[in-house]
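Asks: Okay, predicted coordinates and the sequence, questions at the end:
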Amino acid sequence: ETGVTQTPRHLVMGMTNKKSLKCEQHLGHNAMYWYKQSAKKPLELMFVYSLEERVENNSVPSRFSPECPNSSHLFLHLHTLQPEDSALYLCASSQEGRGQHYGYTFGSGTRLTVV
Amino acid sequence: AQSVTQPDIHITVSEGASLELRCNYSYGATPYLFWYVQSPGQGLQLLLKYFSGDTLVQGIKGFEAEFKRSQSSFNLRKPSVHWSDAAEYFCAVGGSARQLTFGSGTQLTVLP
């Protein structure tokens, strides 16, 4: 497989459930990202893992918890979500270099619905 | 702080007509600039990118974009639109840091 793969493609969960989103990249990149895409809003950067360092958007609620066990895998653990968390969650990867920005490769996303 | 503005929320063109999608950015130095396209239910696909050099950049699917420093713009163009180009288009800016800032997107509708 090539590129960035996200599973599941669709997820419906209750507000008391715990679930995880998975992302895997086969590009040899050294940075991975989680973005949230809600209707009529700009893409919102949630978390960045770069060279084993985590950077997060301070506005992301603690009910979202990322995990990056290695440079190829990224998880987003979800618990006690709210209906307003329903959105398309996109994973991306990139190759970081000194002073360079090569752009992202995105996965197809997980469509999350919280009921 | 870097920012991106896409002034047009929705654009409608006829198939075969030319297309221009606008993008204005704010960044303190020479930015890295990108255009992405998103089809319904899909992730974002990179169309083209500008780092330096020639200000007219060619991308995939017949798209091109021109970097104009004096206008802080990076507009996307296509001479003849196909029905399959209907999608949402995002402009993004990045600096030496790893993060990209995206615009709000422009939804393109193509009429037969």
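Replies: Happy to help now that I have it. Numbers count the residues shown, from 1 in each chain, chains lettered A, B, ... in the order given.
Asks: Going by contacts, tell me the helices and strands next to the helix or strand of chain B with the lowest mean pLDDT.
Replies: Least confident element among the helices and strands of chain B, by mean pLDDT, DSSP states H and E: strand B:100-102 (a mean of 88). Using 3 or more C-beta pairs under 8 Å, 6 or more residues apart in numbering or on different chains; DSSP states H and E as the contact test, the elements touching strand B:100-102 are strand B:3-5, strand B:87-94. In this view, the C-beta of every residue, glycine as well, is placed from N, C-alpha and C.
Asks: contacting residues for the nearest residue to A:K36 once chain neighbours are set aside?
Replies: In space, and not counting its chain neighbours, A:K36 is closest to A:E44: 4.5 Å by C-beta to C-beta, 6 or more residues apart in numbering or on different chains. Neighbouring residues of A:E44 by C-beta atoms under 8 Å, 6 or more residues apart in numbering or on different chains: A:35-38, A:57.
Asks: can you check B:F90 too?
Replies: Applying C-beta under 8 Å, 6+ apart, the residues near B:F90 are A:43, B:6, B:35-38, B:44, B:102-103, B:105-106.
Asks: Run through the residues of chain B sitting next to chain A.
Replies: Contact residues (C-beta under 8 Å from any C-beta of the partner chain) of chain B with chain A: B:32, B:34, B:36, B:41-46, B:49, B:51, B:90, B:92, B:94-96, B:98-100, B:102-105.
Asks: separation between the residue most central in space within chain A and B:Y25?
Replies: Centroid-nearest residue in chain A: A:W34, 2.6 Å away (criterion: C-alpha atoms, centre = their mean). For A:W34, the distance to B:Y25 equals 24 Å [C-beta to C-beta, to the nearest Å].
Asks: just A:Y35 next, same as before
Replies: 19 Å.
Asks: circling back to that earlier point, tell me the strands beside the least confident helix or strand of chain B, with direction?
Replies: strand B:87-94 (antiparallel) (DSSP bridges).
Asks: Give me the distance between the two termini of stretch B:59-69.
Replies: One end of stretch B:59-69 sits 19 Å from the other (C-alpha to C-alpha, to the nearest Å).
Asks: Could you list the low-pLDDT ranges of chain A?
Replies: A:1-2, A:52, A:98-101 (pLDDT under 70).
Asks: show me what contacts residue 36?
Replies: All of this refers to chain A. So, once contact is read as C-beta under 8 Å, 6+ apart, A:K36 ends up touching A:43-44, A:46, A:87-90.
Asks: actually chain B
Replies: A:106, B:44-47, B:89-92, B:102.
Asks: ok, now with 7 Å
Replies: B:Y36 makes contacts with B:44-47, B:90, B:92, as judged by C-beta atoms under 7 Å, 6 or more residues apart in numbering or on different chains.
Asks: so what strands line up beside the helix or strand containing it?
Replies: Taking DSSP states H and E as the criterion, B:Y36 maps to strand B:32-38. Using DSSP bridges, the strands paired with strand B:32-38 are strand B:44-50 (antiparallel), strand B:87-94 (antiparallel).
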